[in-house]
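Participant: Sequence first, then the predicted structure:
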Amino acid sequence: MTSPTTTKFHFIDGLMVVERGQDCTVLADHCKALHNETEQRGDVRLAARLPEVVVERYCNDNGITFGEFVGNPAHIRRVCNDPALAAFRVWPGRI
């Protein structure tokens, strides 16, 4: 469902900079389709599908590991409730 990530290495002034990228259009379109066609029932809802690069950037920006991200629901809520990432939401309610 998601497109593969790309990785590029840049060497600037003796430092290595890693650039990660991902085309998230297909995933955003899929989330929109799920939102439009899925009737959510009960307590279990698919809230969002997050691209790998979004999670990776969040972890880097907040100085946490992926394990800390998935182990702490506060991090997941913060990402899912970010209005800038609304394209990846399936269920629009607040998490």
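Facilitator: Yes, it's here.
Participant: what sits against residue 18?
Facilitator: 7-10 (Cβ atoms under 8 Å, 6 or more residues apart in numbering). Using the backbone N, CA and C atoms, a C-beta is placed for each residue, glycine as well.
Participant: repeat that with 6 Å
Facilitator: Residues near residue 18 by Cβ atoms under 6 Å, 6 or more residues apart in numbering: none.
Participant: same question, the one 3 residues further on
Facilitator: Contact analysis of residue 21 by Cβ under 6 Å, 6+ apart lists residue 6.
Participant: how near is it to residue 67?
Facilitator: Distance, residue 21 to residue 67, by Cβ to Cβ, to the nearest Å: 24 Å.
Participant: Kindly report the same for residue 17.
Facilitator: 24 Å.
Participant: Equivalent analysis for residue 75, please.
Facilitator: 11 Å.
Participant: same question, residue 89
Facilitator: In terms of Cβ to Cβ, residue 89 sits 24 Å off from residue 67.
Participant: Low-confidence ranges, this protein, go.
Facilitator: 1-2, 38-43 (pLDDT under 70).
Participant: which stretches of the chain form strands?
Facilitator: Using DSSP state E, the strands assigned to the chain run over residues 6-12, 15-21.
Participant: among those, which is nearest residue 83?
Facilitator: strand 15-21 (22.4 Å; Cβ to Cβ).
Participant: relative to strand 6-12, how tilted is that closest one?
Facilitator: Interaxial angle, strand 15-21 versus strand 6-12 (axes from the mean of the first three to the mean of the last three Cα atoms, to 10 degrees): 160 degrees.
Participant: Return the list of strands paired to strand 15-21, each annotated with direction.
Facilitator: strand 6-12 (antiparallel) (DSSP bridges).
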